[in-house]
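A.B. asks: give the three-dimensional model of this entry:
(2 chains)
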Amino acid sequence: MTGQAKRILGIAVCTVLLFVGLGLYIGLYLTNVPGSVAATTSSSGTHLYLATVPAAELSDSHPTWVSYYAVDANGSNWRHDTTYVLPANTLVHVTIYQYDGDSGLRNPFLSQSQGTTGGDFTLNGKPTRAIDPDDASHIFAIPNIGLSVPLEGVPATAKNPCANAPCTLAQDHETISFSFRTPGRGLYRWQCFVPCAAGFIAGFGGPMQTVGYMDGYIKVV
Amino acid sequence: MKREVNHWRRFVLWWLVTSVIGTLVVVLVLAPGMPPGTGTVESSGQVFDNTVLLGVSTPVALAVVVFFIYAIIAFREREPGALRDGPRVLGDARIQTWWLVVTTVIVLFLAVFGTIELEGNGAGGGQGPNPLSKPGKGTHVLQVQVIAQQWKFDYRWPAYGGVETPNLDIPANTTIEFHVTSLDVIHSFWAYQLGVKADANPGVDNVAYVTTKSPMTFEVHCAELCGVWHGYMYDTGHVVPQTQFASWIAQQEKQYAPATKSLPPYALHYFPQPTRRGG
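C.D. replies: Numbering: from 1, shown residues only, chains lettered A, B, ... in the order given. Next up is the predicted model:
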């Protein structure tokens, strides 16, 4: 093989390797999307069940981070996903099992529910419109459709609190339920507004800034 | 004998012709349709300012472009070896003087024009806690507090019992005094079509004025990179007839009465206590 042929072969091999590398990078980027959980639809309507915990599973890459989880109606089958798939223009019934203690709101205005059907939510079965801002543990809000529901914290005196996901309904928790009508198809973000990220400046770092913990997407299809 | 071409005269002629046409097109056709539109007194002022600036800069830009094109055409090498280096270029006091005079006049004009325009009504910009450009005495001003936090804007109305609302509807033909602040990091309240842009700093009261005209819809965006959902920090506001505004704000007062009870007394900025978690 002549010197020139060797050079051409070398350039060809490098070019192929470069394009394969680029293709792998782009392919992995495109396929690495967060997992999602779809709402369940039955004769009683469309339901979404969620849970909030003071800390993720011990096996999580951030086991000390506060987080939302998707669960089933019995509060089991925990999945660490924060992209929720909902049908468009549909009344969705949301139930959140809240296992975390309170952190308090920076803006007390968010202590009142907004955008729910009837303007209310139920806290442990009791119709409620607003809670004490200091008792708020988290918020479930979809700002661009005007939905915001405060989640009351488990009292500090709780006898059987849950430290890390997954938790059971036998442990101390608050049950928050509400309904809202989904908008047209599209991708919306949801987030918590309580500065609940322990150990971060003003409680706004880490899980508050990372999709997959205290925020995520509502994919309306 | 071949007549020597006066390139300077030719270039000036071309520049004058293109400048007159270009400036007229820019000033009369393009600039008036530029953002942010003419929905408020401030946004109209910004369109006027941009029109003047474009009108001044068009001949300058055309001087560069026309000379560039003229040089490519006139000084191209028509046959190989035809072009040779010319004599050394020495200083020309006349050109240098003109250059200094013209550029100085343009820069000073822009400085004076910009200062006068800014001083007039603040141009919709945040003026800090002690604004220099205020509405005239006797002007009825409606105060609206803009409270930014990661990642939404809320609005508080001291003239209506301190109620806070998640949406912004403001009355037509009214001067609004925005007081912009933040509860956490630095945001920026940018009500695009209103021509208002004011930074939202925690612990700071940033005042901006706008005088509305007719009913319209406008967008509110955060214009300061503020975290993971910065790109989603937007909403839509409305300028509505005054009667409609009166019924809207009354309805908001009623709807958000439970939350209003929990709000701290109205203040120009807030320092929420460190949270139990965040510290």
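A.B. asks: can you map out the helices along chain A?
C.D. replies: Under the criterion DSSP state H, chain A carries helices at the ranges A:3-31.
A.B. asks: partners of the closest residue to chain A within the stretch 51-200 of chain B in the sheet?
C.D. replies: Closest residue of the stretch 51-200 of chain B to chain A, Cβ to the nearest Cβ: residue B:164 (4.3 Å). C-betas here are computed from N, CA, C, even on glycine. With beta bridges defined as DSSP bridges, residue B:164 has these partners: residue B:156.
A.B. asks: alongside chain A, which residues does the stretch 51-200 of chain B contribute?
C.D. replies: Taking Cβ under 8 Å from any Cβ of the partner chain as the contact definition, the stretch 51-200 of chain B meets chain A at B:147, B:149-152, B:154, B:164, B:166-167, B:183-185.
A.B. asks: pull the number of nearby residues for residue 196.
C.D. replies: Picking chain A for this. Neighbour count of residue A:196, defined by other Cβ atoms under 10 Å in any protein chain shown: 34.
A.B. asks: chain B is the one I meant
C.D. replies: Other residues within reach of residue B:196 by the criterion other Cβ under 10 Å amount to 27.
A.B. asks: tell me which residues touch it, please.
C.D. replies: For residue B:196, the contacting residues are B:40, B:42, B:124-125, B:178, B:189-190, B:208, B:210, taking Cβ atoms under 8 Å, 6 or more residues apart in numbering or on different chains as the criterion.
A.B. asks: likewise for residue B:4?
C.D. replies: With contact taken as Cβ under 8 Å, 6+ apart, residue B:4 is in contact with no other residue.
A.B. asks: what pairs with residue B:181 across the strands?
C.D. replies: For residue B:181, the beta-bridge partners under DSSP bridges are residue B:147.
A.B. asks: pretty sure it sits against residue B:199.
C.D. replies: No: between residue B:181 and residue B:199 there is no contact under Cβ atoms under 8 Å: 9.8 Å.
A.B. asks: out of the two, which sits in the busier spot?
C.D. replies: Shown here are residue B:181 and residue B:199; by other Cβ under 10 Å, residue B:181 has more neighbours (26 against 21).
A.B. asks: pLDDT value on that one, please?
C.D. replies: At residue B:181, the predicted lDDT confidence score is 96.
A.B. asks: distance-wise, check it relative to residue A:150.
C.D. replies: Taking Cβ to Cβ, to the nearest Å as the criterion, residue B:181 is separated from residue A:150 by 22 Å.
A.B. asks: just give the nearest non-adjacent residue to the residue nearest to the spatial centre of chain A, would you?
C.D. replies: With the centre of chain A defined as its mean C-alpha position, the nearest residue by Cα atoms, centre = their mean is residue A:82, 3.4 Å away. Sequence neighbours aside, residue A:216 is the residue nearest to residue A:82 in space, at 2.8 Å (criterion: Cβ to Cβ, 6 or more residues apart in numbering or on different chains).
A.B. asks: returning to that earlier point: count the neighbours of the residue of the stretch 51-200 of chain B closest to chain A for me.
C.D. replies: Should you count by other Cβ under 10 Å, residue B:164 turns out to have 22 residues around it.
A.B. asks: next, residue B:239: phi, psi?
C.D. replies: In terms of degrees, to the nearest 10, the main-chain angles of residue B:239 are phi -100, psi 120.
A.B. asks: run a quick neighbour tally on it.
C.D. replies: Residues contacting residue B:239 under the criterion other Cβ under 10 Å number 26.
A.B. asks: which parts of the stretch 1-150 of chain B are strands?
C.D. replies: In the stretch 1-150 of chain B, strands defined by DSSP state E, counting those that start in this stretch lie at B:141-149, listed in chain order.
A.B. asks: buried ones in stretch B:225-235?
C.D. replies: Applying a neighbour-count criterion of 16 or more other Cβ atoms under 10 Å in any protein chain shown, one finds B:226-227, B:229-230, B:232-235 buried in stretch B:225-235.
A.B. asks: name the residues of chain A found near chain B, please.
C.D. replies: Near chain B, when you scan chain A using Cβ under 8 Å from any Cβ, you find A:102-104, A:106-112, A:114, A:119, A:129-130, A:132-133, A:141, A:143-144, A:146, A:148, A:189, A:191, A:193-204, A:208-211, A:215.
A.B. asks: just the buried members of those residues?
C.D. replies: So, of those, A:102-104, A:106-112, A:114, A:129-130, A:133, A:141, A:143-144, A:148, A:189, A:191, A:193-198, A:200, A:202-204, A:208-211, A:215 end up buried under the neighbour-count rule (16+ other Cβ under 10 Å).
A.B. asks: low-confidence stretches in the stretch 1-150 of chain B?
C.D. replies: Within the stretch 1-150 of chain B, the stretches falling below the threshold (pLDDT under 70) are B:1-2.
A.B. asks: number of residues surrounding residue B:263?
C.D. replies: 19.
A.B. asks: against chain A, how distant is it?
C.D. replies: When Cβ to the nearest Cβ, to the nearest Å is the yardstick, residue B:263 and chain A sit 5 Å from each other.
A.B. asks: in chain B, where's the longest helix?
C.D. replies: As far as residue count goes, and with DSSP H defining each element, the longest helix of chain B is helix B:41-74.
A.B. asks: now residue B:114: closest residue in space that isn't a chain neighbour?
C.D. replies: Here the nearest residue to residue B:114 in space, its sequence neighbours aside, is residue B:49; by Cβ to Cβ, 6+ apart that works out to 7.5 Å.
A.B. asks: hmm, the one you found is touching residue B:125, no?
C.D. replies: No: counting by Cβ under 8 Å, residue B:49 sits too far from residue B:125 to count as a contact (11.7 Å).
A.B. asks: who has more neighbours out of these two?
C.D. replies: Applying other Cβ under 10 Å to residue B:49 and residue B:125 shows that residue B:125 carries more neighbours, namely 21 against 16.
A.B. asks: tell me what residue 219 is bridged to.
C.D. replies: By default, I'm working from chain A. Per DSSP bridges, the residues bridged to residue A:219 are residue A:85, residue A:187.
A.B. asks: you looked at the wrong chain, it should be chain B
C.D. replies: Under the criterion used here (DSSP bridges), residue B:219 is bridged to residue B:236.
A.B. asks: I'd guessed it sits against residue B:168; true?
C.D. replies: No: Residue B:219 is beyond contact range of residue B:168, at 10.5 Å (criterion: Cβ under 8 Å).
A.B. asks: more neighbours: which of those two?
C.D. replies: For residue B:219 against residue B:168, the residue with the higher neighbour count under other Cβ under 10 Å is residue B:168, and the figures read 22 against 13.
A.B. asks: OK, contacts around the more buried one?
C.D. replies: For residue B:168, the contacting residues are B:144, B:146, B:153, B:155, B:191, B:220, B:235, B:237-238, taking Cβ under 8 Å, 6+ apart as the criterion.
A.B. asks: at 6 Å instead, please
C.D. replies: The contact partners of residue B:168, taken as Cβ atoms under 6 Å, 6 or more residues apart in numbering or on different chains, are B:155, B:237.
A.B. asks: give me the neighbour count for residue B:112.
C.D. replies: Other residues close to residue B:112 by other Cβ under 10 Å number 10.
A.B. asks: tell me, how many residues neighbour residue B:133?
C.D. replies: In terms of burial, residue B:133 registers 14 neighbours under the definition other Cβ under 10 Å.
A.B. asks: name the nearest residue to it, ignoring sequence neighbours.
C.D. replies: What sits nearest to residue B:133 in space, not counting adjacent residues and going by Cβ to Cβ, 6+ apart, is residue B:122, at 3.9 Å.
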